[in-house]
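# here's a sequence, model it:
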Amino acid sequence: QVQLVESGGGLVQAGDSLSLSCAASGRTFTAMGWFRQAPGKEREFVATSSWSGQSTWYAASVKGRFTISRDNAKNTVYLQMNSLKPEDTAVYYCSAATISSSRYAYTDSRRYDYWGQGTQVTVSS
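Okay, here's the model as predicted:
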């Protein structure tokens, strides 16, 4: 059974840093990443990393502030978030892709076959 378990969310002030983790179990994946969903908005792509970690993709809104990394020995993906802004407030979802959805881009949520339960990140001004 595949499980993605996120941790690390919380309440911080603007300019602070926060780190999210997502531990996967049950299988390995071609890519693992993060999406987020703010109240009243659609889920949006944040960042993703290939299995090797050599390829990464970021949304323009977080590039330069967020860093995604993977530890394949632990089957875990991390998201280091620096210089947080109030507009980063959202529920952050870990996502994992397999080869079955390879026709979609990594920025497309349809690329991902498994999802975590979400972790709340709130950035106060």
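
# only C-alpha atoms for contact and neighbour calcs from this point on.
Fine.

# would you mind measuring from the nearest residue to A38 once chain neighbours are set aside to F35?
Take A38 and drop its neighbours on the chain: the residue closest to it by CA to CA, 6 or more residues apart in numbering is A90, 4.2 Å away. From A90 across to F35, the span is 9 Å (CA to CA, to the nearest Å).

# I'd say F45 and R36 touch.
Yes: at 6.6 Å, F45 counts as touching R36 under the criterion of CA atoms under 8 Å.

# what are the bridge partners for the residue nearest to A38, then?
For A90, the beta-bridge partners are V121 (DSSP bridges).

# so what's it up against?
Counting by CA atoms under 8 Å, 6 or more residues apart in numbering, A90 touches 36-39, 120-122.

# any idea how far it lies from A31?
Distance, A90 to A31, by CA to CA: 22 Å.

# pretty sure R103 sits against R111.
Yes: R103 lies in contact with R111 (CA under 8 Å); the separation is 7.5 Å.

# quick one: which of these two has more around it?
Shown here are R103 and R111; by other CA atoms under 10 Å, R111 has more neighbours (20 against 9).

# identify the residues contacting the more buried one.
Residues counted as contacts of R111 (CA under 8 Å, 6+ apart) are 97-98, 101-105.
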